[in-house]
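A.B. asks: sequence unknown, structure follows:
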């Protein structure tokens with residue numbers, strides 16, 4: 001054995017729940033992720049367990065994502081979405097019956113979706129419970145992230161808000177998995193000095209950061225990113241390996257860009273007659289994605305019909321290439337440093353299946369080749385690695401993110417900078433409310449908890465990110481304004497008037513995550 005490899009998948013979605021609308025476009029983000037990423041990943045991991053494979057994987061399940069996955073309303077709607085897509089796929093098998101290039105693909109989608117529905121019901125619609133099983137079997141390390149995936153350095157001027165994001169996430173993890181989280185994915189890998197104080201209070205032992213944040217640490221890490229370091233208060237920091245990241249993430253040369261893979265954007269929701277596909281579209285106005293796609297990436301000018309067999313062969317070949325690259329990398333590092341190197345390879349989970357349709361198969365092929373075909377790479381998780389290797393250099397990491405240009409540009413720019421002053425004011429007011437009501441009665445306690453939920457939701461990194469990328473900027477801006485206005489209404493009631501219980505009940509039903517949120521986390525520490 002020459003070294004270690006830890007693959008880390010980050011599964012996160014913003015909290016989107018609209019009971020007032022039967023079909024809401026942005027809710028489809030969850031259904032697409034369940035159908036195209038989480039269920040296929042569960043099927044792959046079930047195969048590893050069935051075959052007795054000694055695999056290791058690390059997975060973030062964010063608190064907002066878990067809240068949605070466990071919500072009965074969203075579970076019902078996700079099941080309905082899956083049923084609708086199976087109905088559409090079956091219709092496609094009839095429509096393409098005499099269309100030789102497309103009929104096998106329609107049949108493939110029907111069989112694949114039917115199998116996913118079987119997995120969905122096998123686990124009682126409980127995706128969180130399915131992943132919990134793999135953790136309890138010792139094959140998966142589930143980690144957390146900030147409660148609503150807030151960019152934590154932007155909260156550092158108000159320590160109670162930073163503390164609340166971490167402690168609410170810890171409490172929610174306990175509720176889901178009946179244990180404390182060992183590690184945390186800092187949202188957007190955004191680090192600033194001082195974050196470790198809140199992590200230490202929450203009992204979190206390690207976090208992940210981008211390459212330059214570790215390499216620019218003080219003193220410079222002796223082993224670069226190929227070993228973790230301890231921050232001065234004892235929390236471990238792991239740095240991303242750039243080489244393995246580039247092989248997957250690069251727009252130009254990354255594996256998912258192979259022209260033989262399925263094209264993400266060419267969907268029958270846009271190609272076929274609107275009246276035919278309209279009942280199966282994610283929203284009620286305009287066209288959208290169904291997930292049934294018949295073309296490969298090919299080139300910019302024309303598209304070939306998707307060849308599933310050829311695409312899977314590419315995935316197998318690339319999995320072999322990825323393994324050989326890691327073996328070569330670890331053997332090379334073994335000649336340079338005097339200890340077995342560790343490669344940290346983190347990716348967004350939704351890349352595997354949603355954006356890169358063959359991604360789950362790539363992961364399956366890679367794991368099988370790693371377990372059966374070599375003895376150079378040892379699969380591990382950060383928690384397991386720290387248990388086996390308890391001594392590390394003490395380093396103070398540098399401020400950093402994995403966003404554009406390596407700093408906070410994505411979440412603080414001309415499109416979204418208006419958010420921060422409003423958050424600063426609301427955060428201060430939240431602390432004032434908690435101090436004003438040190439011994440709240442039942443109704444006041446409910447209002448304080450809901451004010452905390454609304455503030456947490458307004459702090460989500462997803463809203464400024466969406467404004468920056470332009471995918472749904474109006475929706476993102478409205479979400480920030482709505483949560484801030486709800487917070488301000490509760491603040492006014494808790495400060496100058498009586499709490500409106502009817503309105504409070506409506507807010508509790510709408511933004512219903514974190515039932516056990518503790519308003520005391522926003523109090524000044526000590």
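C.D. replies: Structure received. These figures come from a predicted structure and were not determined experimentally.

A.B. asks: for residue 390, what are its contacts?
C.D. replies: When contacts are counted by Cβ atoms under 8 Å, 6 or more residues apart in numbering, residue 390 touches no other residue. Yep, even glycine has a C-beta here, placed from its N, CA and C like the rest.

A.B. asks: quick check, it in a helix?
C.D. replies: No. Judged by DSSP: H, G, I helix; E, B strand; the rest coil, residue 390 forms no part of a helix; its state is coil.

A.B. asks: quick one: low-confidence parts of the protein?
C.D. replies: 1, 526 (pLDDT under 70).

A.B. asks: domain ranges for it, per the record?
C.D. replies: According to automatic domain parsing, the chain comprises the domains 3-70+126-262+306-405, 410-522.

A.B. asks: gap between the two ends of stretch 175-192?
C.D. replies: The straight-line separation of the ends of stretch 175-192 (Cα to Cα, to the nearest Å) is 28 Å.

A.B. asks: surely residue 495 is in contact with residue 435?
C.D. replies: No. Counting by Cβ atoms under 8 Å, residue 495 stays clear of residue 435, with 11.7 Å between them.

A.B. asks: quick check: which of the domains of the chain is buried the most?
C.D. replies: Across the domains of the chain, averaging neighbours per residue (mean count of other Cβ atoms under 10 Å) puts domain 3-70+126-262+306-405 on top, at a mean of 20.

A.B. asks: what about the longest helix in this structure?
C.D. replies: helix 308-334 (DSSP state H).

A.B. asks: contacts for the next helix or strand after that helix, please.
C.D. replies: Counting by DSSP states H and E, the next helix or strand C-terminal to helix 308-334 is strand 341-348. For strand 341-348, contacts defined as Cβ under 8 Å, 6+ apart pick out 2-10, 185, 189, 208, 223, 225-228, 238-241, 244-245, 248-249, 326, 329-330, 333-334, 380, 382, 385.

A.B. asks: how far off centre is strand 341-348?
C.D. replies: Strand 341-348 has its C-alpha centroid displaced from the chain centroid by 16 Å (Cα atoms, centre = their mean, to the nearest Å).

A.B. asks: tell me the helix or strand right after it.
C.D. replies: Following strand 341-348 toward the C-terminus (DSSP H and E): helix 359-372.

A.B. asks: contacting residues around that following helix?
C.D. replies: With contacts defined as Cβ under 8 Å, 6+ apart, helix 359-372 is touched by 5, 7, 37, 40-41, 43-44, 47-48, 53-55, 57, 255-256, 312, 315-316, 318-320, 322-323, 351-353, 356, 377, 379.

A.B. asks: one more time with 6 Å, if that's ok
C.D. replies: 40-41, 44, 53, 55, 312, 315-316, 319, 322-323, 351-353, 377 (Cβ atoms under 6 Å, 6 or more residues apart in numbering).

A.B. asks: ok, now stretch 317-328?
C.D. replies: With contacts defined as Cβ under 6 Å, 6+ apart, stretch 317-328 is touched by 5, 255, 362, 365-366, 369-370, 376-377.

A.B. asks: try 8 Å
C.D. replies: So stretch 317-328 is contacted by 2, 5, 243-244, 247-248, 255, 258, 343, 362-363, 365-366, 369-370, 373-374, 376-377 (Cβ under 8 Å, 6+ apart).

A.B. asks: and that stretch, how far out from the chain middle?
C.D. replies: 25 Å.

A.B. asks: for stretch 231-248, same thing?
C.D. replies: The answer for stretch 231-248 is 17 Å, by Cα atoms, centre = their mean.

A.B. asks: ok so, going back, the longest helix of the chain relative to helix 359-372, how many degrees between them?
C.D. replies: Note on geometry: by axes from the mean of the first three to the mean of the last three Cα atoms, to 10 degrees, helix 308-334 and helix 359-372 are set 50 degrees apart in direction.

A.B. asks: wait, residue 379 sits on residue 5?
C.D. replies: Yes. Residue 379 is within contact range of residue 5, at 5.9 Å (criterion: Cβ under 8 Å).

A.B. asks: how about the chain, which residue sits the furthest from its center?
C.D. replies: Most distant residue from the mean C-alpha position of the chain: residue 98, 41.1 Å away (Cα atoms, centre = their mean).

A.B. asks: distance of residue 187 from residue 157?
C.D. replies: Separation of residue 187 from residue 157 (Cβ to Cβ, to the nearest Å) stands at 17 Å.

A.B. asks: with residue 388 instead?
C.D. replies: Taking Cβ to Cβ as the measure, residue 388 falls 38 Å from residue 157.

A.B. asks: residue 260 too?
C.D. replies: For residue 260, the distance to residue 157 - Cβ to Cβ - is 49 Å.

A.B. asks: how about residue 229, nearest residue that isn't a chain neighbour?
C.D. replies: Excluding the flanking residues, the one nearest residue 229 by Cβ to Cβ, 6 or more residues apart in numbering is residue 395, at 3.9 Å.

A.B. asks: residue 283 sits in which helix or strand?
C.D. replies: Using DSSP H and E, residue 283 sits within no helix or strand.

A.B. asks: got it, and residue 29?
C.D. replies: Assigned by DSSP H and E, residue 29 falls in helix 28-33.

A.B. asks: the helix or strand just after that helix packs against which elements?
C.D. replies: Using DSSP H and E, the helix or strand that directly follows helix 28-33 along the chain is helix 39-50. When contacts are defined as 3 or more Cβ pairs under 8 Å, 6 or more residues apart in numbering; DSSP states H and E, helix 39-50 sits against helix 103-122, helix 127-136, helix 359-372.

A.B. asks: quick one: residues in contact with helix 39-50.
C.D. replies: Taking Cβ under 8 Å, 6+ apart as the rule, helix 39-50 contacts 9, 55, 57, 115-116, 119-120, 123, 127, 130-131, 134, 137, 139-140, 349, 352-353, 360-361, 363-364, 367.

A.B. asks: just so I have it, where are all the strands in the chain?
C.D. replies: For the chain, the strands defined by DSSP state E occupy 3-11, 57-61, 140-145, 183-185, 206-209, 229-230, 236-239, 341-348, 377-379.

A.B. asks: out of the domains of the chain, which gets nearest to residue 270?
C.D. replies: Of all the domains of the chain, domain 3-70+126-262+306-405 sits nearest to residue 270, with 14.7 Å by Cβ to Cβ.

A.B. asks: and that closest one, how far from the chain's centre?
C.D. replies: In this view, domain 3-70+126-262+306-405 has its centroid 9 Å away from the chain centroid, taken as Cα atoms, centre = their mean.

A.B. asks: what's the end-to-end length of that domain?
C.D. replies: 30 Å.

A.B. asks: so how far is residue 231 from residue 204?
C.D. replies: From residue 204 across to residue 231, the span is 11 Å (Cβ to Cβ).

A.B. asks: tell me who's in contact with residue 187.
C.D. replies: Residue 187 makes contact with 12, 145-146, 149-152, 461, according to Cβ under 8 Å, 6+ apart.

A.B. asks: show me what the helix holding residue 29 is packed against.
C.D. replies: Applying 3+ Cβ pairs under 8 Å, 6+ apart, we find helix 28-33 packed against helix 63-69, helix 72-95.

A.B. asks: format those as TSV; extra columns: distance to residue 308.
C.D. replies: Output for those, formatted as TSV (distance: least, Cβ to Cβ, whole Å):
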stretch	distance to residue 308
helix 63-69	29
helix 72-95	14
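
A.B. asks: which one of those helices is the most hemmed in?
C.D. replies: helix 63-69 (a mean of 25).

A.B. asks: run through who's touching that one.
C.D. replies: Outside helix 63-69, the residues touching it (Cβ under 8 Å, 6+ apart) are 11-17, 30, 34, 38, 74-75, 126-128, 144-149, 168-169, 172-173, 176, 460, 513-514.

A.B. asks: stretch 279-289 now?
C.D. replies: With contact meaning Cβ under 8 Å, 6+ apart, stretch 279-289 is reached by 23-25, 27-28, 31-32, 81, 84-85, 87-88, 267, 269-270, 274, 277, 290.

A.B. asks: switch the cut-off to 7 Å
C.D. replies: The set of residues external to stretch 279-289 that reach it, using Cβ atoms under 7 Å, 6 or more residues apart in numbering, is 23, 25, 28, 84-85, 88, 267, 269-270, 274, 290.

A.B. asks: that's all I had, so thanks and see you.
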